[in-house]
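S.K.: this one's sequence-less:
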């Protein structure tokens, strides 16, 4: 029921169309590139999926992050508008539970974006690399990895949005974090584990450097820790309201 209520809140905010449009825009990059410069990639040796990911995932991941930031800001803008959050605090509603339902919606929206992108990348491999034996299991592994390494960013952005009554403040913080962490060296094992930096990592590179388990475990822990931090923050904030 709570998931249904949270979904109804987003019905007129443009949240779902924004994620759909973001997924389609990100997926358009490899298609346009292959239509113009297909010979640059088809002449290379290696797994076609990995070649396409190496050429385009940095931009696609940045779009995923930016859409997730906007989505988190839209979610909490509706809560703070007209003092709705203060009114709900008088009701028998746990804000922590509400936060985690919002996270589930954001995670599902991210999953839909990545699914669209992986489907288009798979289509590109079948069309421009006809000799490639497509493996759906490998594609699912890539999609799962990209979702897991992006979840800490989604969770942290929701924490930031829940703490800022003004949507423009949380949006500004998110954009600053995106462009600050995107300029850090992506090959540094420590810096690449930070939220807003981990979504740029790719499964092929992680496997090559034997960091697959490291990314999955650390990103999972980060997601849980940020969720616990939000619960603590909500309890502390309620004491001072």
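M.R.: Sure, I can see it. Bear in mind the structure is a predicted one, so any value in this text is a computation, not a measurement. Numbering: from 1, shown residues only.
S.K.: Tell me which stretches of this protein form helices.
M.R.: Using DSSP state H, the helices of the chain run over 2-9, 15-42, 48-80, 84-88, 95-128, 136-163, 167-182, 203-208, 212-240.
S.K.: Using JSON lines, lay out these together with mean neighbour count.
M.R.: Glycine gets a C-beta too; all of them are placed from N, C-alpha and C. Formatted as JSON lines, the helices of the chain follow (neighbours: other C-beta atoms under 10 Å):
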{"stretch": "helix 2-9", "mean neighbour count": "13"}
{"stretch": "helix 15-42", "mean neighbour count": "16"}
{"stretch": "helix 48-80", "mean neighbour count": "21"}
{"stretch": "helix 84-88", "mean neighbour count": "12"}
{"stretch": "helix 95-128", "mean neighbour count": "19"}
{"stretch": "helix 136-163", "mean neighbour count": "21"}
{"stretch": "helix 167-182", "mean neighbour count": "17"}
{"stretch": "helix 203-208", "mean neighbour count": "17"}
{"stretch": "helix 212-240", "mean neighbour count": "15"}
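S.K.: Show me the least confident stretch of those, going by mean pLDDT.
M.R.: With a mean of 60, helix 84-88 has the lowest mean pLDDT of the helices of the chain.
S.K.: before we move on, back to that, of the helices of the chain, which approaches residue 189 most closely?
M.R.: Residue 189 lies closest, by C-beta to C-beta, to one member of the helices of the chain: helix 212-240, at 7.4 Å.
S.K.: got the angle for the closest one vs helix 95-128?
M.R.: Counting by axes from the mean of the first three to the mean of the last three C-alpha atoms, to 10 degrees, helix 212-240 points 150 degrees away from the direction of helix 95-128.
S.K.: Against which helices or strands is helix 212-240 packed?
M.R.: Secondary-structure packing of helix 212-240 (3 or more C-beta pairs under 8 Å, 6 or more residues apart in numbering; DSSP states H and E): helix 95-128, helix 136-163, helix 203-208.
S.K.: Any chance of the ones you listed in CSV with distance to residue 195 as columns?
M.R.: Shown next, in CSV, are those (distance: least, C-beta to C-beta, whole Å):
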stretch, distance to residue 195
helix 95-128, 13
helix 136-163, 4
helix 203-208, 17
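S.K.: Let me know which of those helices is the nearest to residue 43.
M.R.: helix 95-128 (11.3 Å).
S.K.: Taking helix 48-80 as reference, get the angle to that closest one.
M.R.: Here helix 95-128 points in a direction 150 degrees away from that of helix 48-80 (the same axes, to 10 degrees).
S.K.: Helix 95-128 packs against which elements?
M.R.: helix 2-9, helix 15-42, helix 48-80, helix 84-88, helix 136-163, helix 212-240.
S.K.: Tell me which residues touch residue 61, please.
M.R.: Taking C-beta atoms under 8 Å, 6 or more residues apart in numbering as the criterion, residue 61 is in contact with 146, 150, 199-200.
S.K.: Adding distance to residue 189, write the helices of the chain out as TSV.
M.R.: Below are those laid out as TSV (distance: least, C-beta to C-beta, whole Å):
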stretch	distance to residue 189
helix 2-9	36
helix 15-42	26
helix 48-80	18
helix 84-88	39
helix 95-128	23
helix 136-163	13
helix 167-182	15
helix 203-208	10
helix 212-240	7
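S.K.: Out of the ones you listed, flag the one nearest residue 190.
M.R.: Ranking the helices of the chain by proximity to residue 190 (C-beta to C-beta) places helix 212-240 first, at 9.9 Å.
S.K.: What sits closest to the spatially most central residue of the chain if chain neighbours are left out?
M.R.: By C-alpha atoms, centre = their mean, the mean C-alpha position of the chain lies nearest to residue 150, the distance being 4.5 Å. Here the nearest residue to residue 150 in space, its sequence neighbours aside, is residue 199; by C-beta to C-beta, 6 or more residues apart in numbering that works out to 4.2 Å.
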